[in-house]
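Visitor: For reference, the sequence and a predicted model appear below.
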Amino acid sequence: MSVEASSLLRLEKTSLREQALTALRRAITTGQLPPGTHLVETELSEALQISRGTLREAMRQLQQEGLISAGARGRLSVRHLDAKEIKNIFDVRAALESLAAQELASREDRTGAVAELRRAVADMEKWAASNLEDRIEADLKFHRTMCHLTGNETLLHLWSSLEGSIRMSIMFAGVDRALKNMDAKRHYDIVDAIESGSTNGHRLIIAPDGRRLYTENEEDSTVSVIDLASRKLLGKIATERPLAGIAISADGGTVVAVDDAEPTLFLIDTAGEAVARTVPLEGVPKAAQIARYRDDFSILGITSLNSGTVSLIDPSFTTQTVIKVGSQPMDMAFHGDELFVACQGDGTVHVIDVPARRWKTSFVAGTGCESLAFF
């Protein structure tokens, strides 16, 4: 046999192996071959119209990817994952993909990456009316592309080594949940976040006119300014120390950023995009946490996690009243003339009489309660 003919045969065999791999991956991913299914060589080779040797090569690859596993007697079957394994997979996947998104968002020039990701989501939309197999492949392509665009080979290798397990986990909660997770809108939101360039957003507020969004970025001591219509990062406003909370005045002229290191508020002039002045929190020994205006903007509430207090401050920041509440107060919600403060340390909610500026009562809500709201 000539060298050329031999090469052609190898190419044909490789092509068959790849086709078998694709067919088996899709059958496992979509549940056509459910977890625990024994894989019989004679049946599969006949169904796929390939030799048993080619099938074995494909199945060895599937073992390496974590899609199938060998039993006590060496019998191959579709891998079964329990709830704990699924959680572990999603935790690691979330860490890797969050790192990829942060890397892309932090780049000065991210236009090319954003355009490629938008094309990947457009592909997801194109396959939205297709079969489940095509939708899964389009979804995986998006996430693989996001990792690839970082240029971090280690990150991409780790994600790729997890891809088999990701495939196994996609259908764990059922078809409806899988389709919801693959919704194109959710992925456009990821691309929008990357395009905005904000990488460390902690809490956020929207200006009263709805034109700008502000995020306090905690560890990096900045407030990001984002144009809502274009989803573009306009810039960052530096503060002296890390931040913990954020609020905005009724006229949108002042952003209140809560100092995470000292019991202080940074008052930011939104027109000048700079800190105009700082306001010490009276009677509060340690740094504060959350800032929340009353619906009519007549009072600003500030909780201090480590001081066990809530401060009521008038809009001009000239009058402050500090009130002791429970252990580790976090979020709060105004309701009429009352302010409800959630204390995660002891599971209590404390009620403040706002006009009288005094503690009124408390009740047990459950240990760890942190956020609350009225609907």
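Guide: Thanks, I have the structure now. Residues are numbered from 1 along each chain as shown.
Visitor: Report the contact partners of residue 152.
Guide: For residue 152, the contacting residues are 100, 103, by C-beta atoms under 8 Å, 6 or more residues apart in numbering. From N, CA and C alone the C-beta is placed, and that goes for glycine too.
Visitor: 8 is where my numbering starts, stick with that
Guide: I'll keep to 8 as the first residue from here, and by that count the last item is residue 159.
Visitor: Which phi and psi values does it adopt?
Guide: phi -90, psi 100 (degrees, to the nearest 10).
Visitor: repeat for residue 314
Guide: Torsion angles, degrees, to the nearest 10, at residue 314: phi -100, psi -20.
Visitor: need the contact list for the residue nearest to it when sequence neighbours are not counted.
Guide: Spatial nearest neighbour of residue 314, chain neighbours left out: residue 293 (4.6 Å); criterion: C-beta to C-beta, 6 or more residues apart in numbering. Counting by C-beta under 8 Å, 6+ apart, residue 293 touches 270, 311-314.
Visitor: Verify the contact between residue 83 and residue 46 for me.
Guide: Yes: counting by C-beta atoms under 8 Å, residue 83 does reach residue 46; the two are 4.6 Å apart.
Visitor: In the chain, what residue spans correspond to helices?
Guide: Remark: helices assigned in the chain by DSSP state H are 10-36, 48-55, 59-72, 90-112, 118-133, 139-156, 160-177, 182-188, 191-203.
Visitor: Mean pLDDT, mean neighbour count and distance to residue 288 for the ones you listed - can I get that in JSON lines?
Guide: Listed next are the helices of the chain as JSON lines, based on pLDDT from 0 to 100; neighbours: other C-beta atoms under 10 Å; distance: least, C-beta to C-beta, whole Å:
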{"stretch": "helix 10-36", "mean pLDDT": "68", "mean neighbour count": "15", "distance to residue 288": "54"}
{"stretch": "helix 48-55", "mean pLDDT": "88", "mean neighbour count": "14", "distance to residue 288": "69"}
{"stretch": "helix 59-72", "mean pLDDT": "87", "mean neighbour count": "17", "distance to residue 288": "55"}
{"stretch": "helix 90-112", "mean pLDDT": "90", "mean neighbour count": "15", "distance to residue 288": "32"}
{"stretch": "helix 118-133", "mean pLDDT": "95", "mean neighbour count": "16", "distance to residue 288": "41"}
{"stretch": "helix 139-156", "mean pLDDT": "92", "mean neighbour count": "19", "distance to residue 288": "41"}
{"stretch": "helix 160-177", "mean pLDDT": "88", "mean neighbour count": "17", "distance to residue 288": "42"}
{"stretch": "helix 182-188", "mean pLDDT": "81", "mean neighbour count": "13", "distance to residue 288": "43"}
{"stretch": "helix 191-203", "mean pLDDT": "86", "mean neighbour count": "18", "distance to residue 288": "31"}
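Visitor: Looking at those, spot the one closest to residue 284.
Guide: Residue 284 lies closest to helix 191-203 among the helices of the chain, at 28.1 Å (C-beta to C-beta).
Visitor: For the closest one, which outside residues touch it?
Guide: Outside helix 191-203, the residues that touch it by C-beta under 8 Å, 6+ apart are 108, 111-112, 117, 120-121, 124-125, 127-128, 131-132, 135, 146, 149, 153, 231, 233, 238-240.
Visitor: now do stretch 248-255
Guide: Applying C-beta under 8 Å, 6+ apart, the contact partners of stretch 248-255 are 209-215, 221-230, 261-269, 273, 277, 294-300, 307, 309.
Visitor: Could you turn the buried ones of these into a PyMOL selection?
Guide: To isolate the buried ones among the contacts of stretch 248-255 in PyMOL, judged by 16 or more other C-beta atoms under 10 Å, type:
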select buried, resi 209+210+212+214+221+222+223+224+225+228+229+230+261+262+263+264+265+266+267+273+277+294+295+296+297+298+299+300+307+309
